[in-house]
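Trainee: Sequence and predicted structure below; questions after.
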Amino acid sequence: MLRWIVLALMFYWLWKLWQRAGRIHQRRPKKPQAFQKPGEMIACTKCGVYVLKESAMRKGEHFFCSDTCRRES
Ligand SMILES: [Zn+2]
């Protein structure tokens with residue numbers, strides 16, 4: 001019987017600890033995930049819109065936001 005009381009107390013203690021840990025975690029300011037490392041941004045040579053370098057259209061040394069801008073330049 002005593003074993004169960006000890007076990008229950010341990011569970012209660014762990015629950016309290018877990019709750020406290022959760023509260024500490026919540027209090028921490030949210031990390032600005034979107035701004036952490038979105039990849040290199042590059043301005044379109046034609047219209048100046050910023051696009052991700054890996055998704056930008058490339059023409060020699062210049063980067064463009066779309067195929068339209070690339071063709072019009
Ligand atoms: Zn553009």
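Mentor: It's in. Numbering: from 1, shown residues only.
Trainee: got the residues of this structure near the ion?
Mentor: Taking C-beta under 5 Å from the ion as the criterion, the chain approaches the ion at residues 44, 46-47, 49, 65, 69. (Glycine included, C-beta is placed from N, CA and C.)
Trainee: Could you identify the buried members of the residues you listed?
Mentor: Buried by 16 or more other C-beta atoms under 10 Å: 44, 46, 65, 69, out of the residues of the chain next to the ion.
Trainee: Could you single out the nearest of those residues to residue 13?
Mentor: residue 65 (57.0 Å; C-beta to C-beta).
Trainee: does the closest one really touch residue 47, like I thought?
Mentor: Yes. Using C-beta atoms under 8 Å, residue 65 is in contact with residue 47, at 6.4 Å.
Trainee: so what sits against both of these two?
Mentor: Counting by C-beta atoms under 8 Å, 6 or more residues apart in numbering, residue 65 and residue 47 have no shared contacts at all.
Trainee: Am I right that residue 18 sits in a strand?
Mentor: No. In this structure, residue 18 is helix, not part of a strand, as judged by DSSP: H, G, I helix; E, B strand; the rest coil.
Trainee: Please flag which of the buried ones among the residues of the chain next to the ion sit within strands.
Mentor: Among those, DSSP state E puts none in strands.
Trainee: Grab the two from those residues that are most spread out in space.
Mentor: Farthest pair in those, by C-beta to C-beta: 46 and 65, 7.5 Å.
Trainee: list the residues that contact both of these two?
Mentor: By C-beta under 8 Å, 6+ apart, no residue touches both residue 46 and residue 65.
Trainee: Walk me through the domains of this structure.
Mentor: By the record's domain assignment, the chain is partitioned as 1-30, 37-73 (automatic domain parsing).
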